[in-house]
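Student: Sharing a model prediction with you, sequence too.
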2 protein chains.
Amino acid sequence: MVDIATRVWNHKWKIDPIVRSLIDTDFYKLLMCQSVFRNKPDTQVTFSLINRSTDIKLAELVDEGELREQLDHIRSLSLTRGESTWLRGNTFYGKRQMFTPAFMEWFENLKLPPYQLEKRDGQYELTFEGSWPEVMLWEIPALAVLMELRGRAVLHDMRRFELQVLYARAMTKLWEKVERLRDVPGLRIADFGTRRRHSFLWQDWCVRAMTEGLGEKFVGTSNCLIAKNRDLEAIGTNAHELPMVYAALADSDEDLARAPYDVLSDWHEEHDGNLRIILPDTYGTKGFLDRAPDWLAGWTGIRVDSGDPATAAETAIDWWTSRGEDPTKKMVIFSDGLDTDKIIDLHTQFAGRCRPSFGWGTLLTNDFRGLTPDDRLAPFSLVCKAVSANGRPTVKLSDNPNKAMGPDSEIARYKKVFEVGKQEALEVVV
Amino acid sequence: MVDIATRVWNHKWKIDPIVRSLIDTDFYKLLMCQSVFRNKPDTQVTFSLINRSTDIKLAELVDEGELREQLDHIRSLSLTRGESTWLRGNTFYGKRQMFTPAFMEWFENLKLPPYQLEKRDGQYELTFEGSWPEVMLWEIPALAVLMELRGRAVLHDMRRFELQVLYARAMTKLWEKVERLRDVPGLRIADFGTRRRHSFLWQDWCVRAMTEGLGEKFVGTSNCLIAKNRDLEAIGTNAHELPMVYAALADSDEDLARAPYDVLSDWHEEHDGNLRIILPDTYGTKGFLDRAPDWLAGWTGIRVDSGDPATAAETAIDWWTSRGEDPTKKMVIFSDGLDTDKIIDLHTQFAGRCRPSFGWGTLLTNDFRGLTPDDRLAPFSLVCKAVSANGRPTVKLSDNPNKAMGPDSEIARYKKVFEVGKQEALEVVV
């Protein structure tokens, strides 16, 4: 078993790279990448890192040289033989050969494209430009690098046993969550915590603790490398970047209105079963579902990633009922700002009325709140998003205006096209 | 850094012996052994293991085969070259060549004598017979083996992450003690926790945490192997077994009354400075000091190992004052049933009036109270004592009748000879 505190100590001699493999990323990035590789391979996109927690001055905390070193290391990575074998040979969601030979050949030859890095107002401006299937794979490693470098900066001056006790306390904290969750009958929960994890080794520890502590209630991890190393299910479906880029590429308001369904139409051709999960909130959940074609009501479930989660789940249940579907057979995956209380409340509220499931992120893999003076390891809200596609800005509305992105004029246009009215503003935790 | 949880896990494959060296013992055993080797080498003694916590049924918890395996392993040990070099070459208490060439030659050729093991009433009867200098070296390893086998029995059914979280909690618990103690100005504290430690690795962790957390306030460890490995001071002077055996060898009541002073007279010839520490409670502190010769008042300090510690310290201060000594120059070493609160209270009460110092034992190296269901790792009171010398029973009275040992008739005789009146009975914690 890895002694995490010792390894953190060793960071001072730069032994552990933060991202250690091209598959040290979320499974859904690979699924989406294959879809993009097939459907929109020539789209040129720009991804940008955005720190929504503006009080965390990343450029003051994190040394630019160290950041470049980690990013350069990621650019040096390529798929190993064992990783390729696993992607080609493993069963994902019950399906063999999830990844086509053409995609695998492309992936085996991939190195990530260059990055642009500047400092402005105490923040890093980190952007990636190029073809969509390549650039999109920067998202998770870029986030993980910034999250962990910030953590390392805080840990740097701690002494050896202070570090060990810090991790002892963090382990105890996670285990107390596990002990509460294991008493919840019928719970289904997965690790979605790669992007904002404290570190790779810590995420690995958390995943293994969940495996032992929750047994069958722990259904897998979104992290491919950990899924491979620990023989777990790789979990994930699709994300906002698909409708955001499809929407930006639309030539008219009519095309724009249809774009989110075009995404899922492409997905429908490629996947079935538990991979048919709707992410409806990119431009407002309510309107999206009201205007959705009937074939979408046949999909397996919905992922709730913004707004009030109980309201969103009720909206989904009503929608399925209105389309003649049985909601008790449908999966509702909650993945926004979860922690133990919220998970237990939502499970209690929805078990039996639908099939609730949980993608637990930051507060699984990065809950060091209260463990250092001034709470300097508290998680913060960092995202890496597609901001333009073929020269046009992207827009995200979401069910929480605090998560909206894009130029104001475009946000106004999207709100009109998607008939989004007044939304409730909620604090973004992580 | 050793991953303790993993090593405990590995115990299931019997990788770690409990006692791994002949110097994995208290330093004072070696000092006393050399004194006995010089002054009473031919004395035949019997040592017996006594579990004062009769509710802990050791013979039901601990497998006899495993116990024999560990004891046999100890009998296979002999001094390594590096250990011998350290004992011969190191400076102890500021003195070179603490151990004479004659003693070292004897020790280098030593293997521990046989043991006798039987089960009775749910307890093990473990006894050692033979020449005093050999048999006495069984005390610490025998205690450590029983303590740790009981712990291993409890840990055996725990799973991997349960174990890791158990140690995480224990680390946090110790660190919280360290954080409190480091705020106490002028504190002097040593590890005396070998005999009732949770395990060797855990004691080693505790010592290193104290080293980092307390700095100069942590003055060393009684464990020779850890002192050697971690480059710390080896700490300790003498114990009850010297006056107990000397007393048992006395041929008359007059000789008996003189025996405790004969012990210290021999010690006076061998040692000076901080090694001249009186342990006055074997047959009652008050009477011992009242009748003590004047040269003893010139010794450096007193160790308080039973009874109410504040009362004993006051008695010592009064005694020094009555003999024209300056108590503020004298050391008072508290070593009985200490934990953080008691240490801080005693230090606050006596700093400035004498030089208080603390030998922290069981609740430093074995405080797993409250960390397992039913508190099955709570420490218990196990001792290994000289019970006879040249065929005569030994007696200990101590300042707490609950710690008295020996046949009733002999206890009565000793009480008369040493003029011990009514004593206050105190609960024995560990």
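Tutor: In hand now; what should we look at?
Student: Show the subsequent helix or strand relative to the helix or strand hosting residue A:71.
Tutor: Taking DSSP states H and E as the criterion, residue A:71 maps to helix A:64-76. For helix A:64-76, the following helix or strand on the C-terminal side (DSSP H and E) is helix A:81-89.
Student: Residue A:147 and residue A:195 touch, don't they?
Tutor: Yes - using C-beta atoms under 8 Å, residue A:147 is in contact with residue A:195, at 7.5 Å. The way it works is simple: take the backbone N, C-alpha and C, and place the C-beta from them, glycine included.
Student: what do these two both touch?
Tutor: residue A:382 (C-beta atoms under 8 Å, 6 or more residues apart in numbering or on different chains).
Student: Give me the neighbour count for the nearest residue to residue A:201 once chain neighbours are set aside.
Tutor: Once flanking residues are discounted, residue A:201 sits nearest to residue A:4: 5.1 Å by C-beta to C-beta, 6 or more residues apart in numbering or on different chains. Number of residues near residue A:4 (other C-beta atoms under 10 Å in any protein chain shown) recorded here: 22.
Student: which residues touch the residue nearest to residue A:295 when sequence neighbours are not counted?
Tutor: Distances taken as C-beta to C-beta, 6+ apart put residue A:268 closest to residue A:295, at 6.9 Å, once the chain neighbours are dropped. The contact partners of residue A:268, by C-beta under 8 Å, 6+ apart, come to A:276, A:295, A:299.
Student: returning to what we had before: and the helix holding residue A:71, average pLDDT?
Tutor: Helix A:64-76 carries an average pLDDT of 95.
Student: any idea how far that helix is from the chain center?
Tutor: 22 Å (C-alpha atoms, centre = their mean, to the nearest Å).
Student: Restricting to C-alpha, output it in PDB.
Tutor: Presented in PDB, the C-alpha positions along helix A:64-76 are these (Å, rounded to 0.1, in the frame of the first residue of the first chain):
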ATOM      1  CA  GLU A  64       4.900  29.100 -13.300                       C
ATOM      2  CA  GLY A  65       8.000  26.900 -13.800                       C
ATOM      3  CA  GLU A  66       6.400  24.000 -11.900                       C
ATOM      4  CA  LEU A  67       3.200  24.400 -13.800                       C
ATOM      5  CA  ARG A  68       5.000  24.400 -17.200                       C
ATOM      6  CA  GLU A  69       7.000  21.300 -16.100                       C
ATOM      7  CA  GLN A  70       3.800  19.400 -15.300                       C
ATOM      8  CA  LEU A  71       2.100  20.500 -18.500                       C
ATOM      9  CA  ASP A  72       5.100  19.600 -20.500                       C
ATOM     10  CA  HIS A  73       5.200  16.200 -18.900                       C
ATOM     11  CA  ILE A  74       1.600  15.600 -20.000                       C
ATOM     12  CA  ARG A  75       2.600  16.500 -23.500                       C
ATOM     13  CA  SER A  76       5.300  13.900 -23.400                       C
END
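Student: What helices and strands are in contact with that helix?
Tutor: When contacts are defined as 3 or more C-beta pairs under 8 Å, 6 or more residues apart in numbering or on different chains; DSSP states H and E, helix A:64-76 packs onto strand A:115-120, strand A:123-131, helix A:139-155.
Student: near chain B, which residues of chain A?
Tutor: Within chain A, the residues that sit near chain B (C-beta under 8 Å from any C-beta of the partner chain) are A:1-3, A:5-6, A:9, A:159-162, A:164-165, A:167-169, A:171-172, A:175, A:208-209, A:212-213.
Student: Of those residues, grab the buried ones for ChimeraX.
Tutor: Here is the ChimeraX selection string for the buried members of the residues of chain A next to chain B, based on 16 or more other C-beta atoms under 10 Å in any protein chain shown:
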select /A:3,5,9,161,162,164,165,167,168,169,171,172,175,208,209,212,213
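Student: Can you flag which of the residues of chain A next to chain B belong to helices?
Tutor: A:5-6, A:9, A:160-162, A:164-165, A:167-169, A:171-172, A:175, A:208-209, A:212-213 (DSSP state H).
Student: Show me where the stretch 201-350 of chain A has its strands.
Tutor: Counting by DSSP state E, counting those that start in this stretch, one finds strands in the stretch 201-350 of chain A at the ranges A:218-221, A:277-278, A:301-304, A:331-334.
Student: Redo the ones you listed as a markdown table? Include distance to residue B:18, mean neighbour count and mean pLDDT.
Tutor: Converted to a markdown table, the strands of the stretch 201-350 of chain A look like this (distance: least, C-beta to C-beta, whole Å; neighbours: other C-beta atoms under 10 Å in any protein chain shown; pLDDT from 0 to 100):
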| stretch | distance to residue B:18 | mean neighbour count | mean pLDDT |
| --- | --- | --- | --- |
| strand A:218-221 | 36 | 24 | 98 |
| strand A:277-278 | 54 | 24 | 97 |
| strand A:301-304 | 53 | 24 | 98 |
| strand A:331-334 | 49 | 23 | 98 |
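Student: Residue B:222 is nearest to which of the ones you listed?
Tutor: strand A:218-221 (45.1 Å; C-beta to C-beta).
Student: Residues contacting stretch A:37-45, please?
Tutor: A:36, A:100, A:102-103, A:106, A:129-133, A:135-136, A:245-246, A:249, A:266, A:270, A:386, A:388-391.
Student: Going by neighbour count, list what's buried in the helix holding residue A:71.
Tutor: A:67, A:70, A:71, A:74.
Student: dump the residue contacts of the residue lying closest to residue A:277 once chain neighbours are set aside.
Tutor: Nearest non-adjacent residue to residue A:277, counting by C-beta to C-beta, 6+ apart: residue A:237, 4.2 Å away. By C-beta under 8 Å, 6+ apart, the contact list for residue A:237 reads A:28, A:31, A:271, A:274, A:275, A:276, A:277, A:279, A:303.
Student: Good, we can wrap up now.
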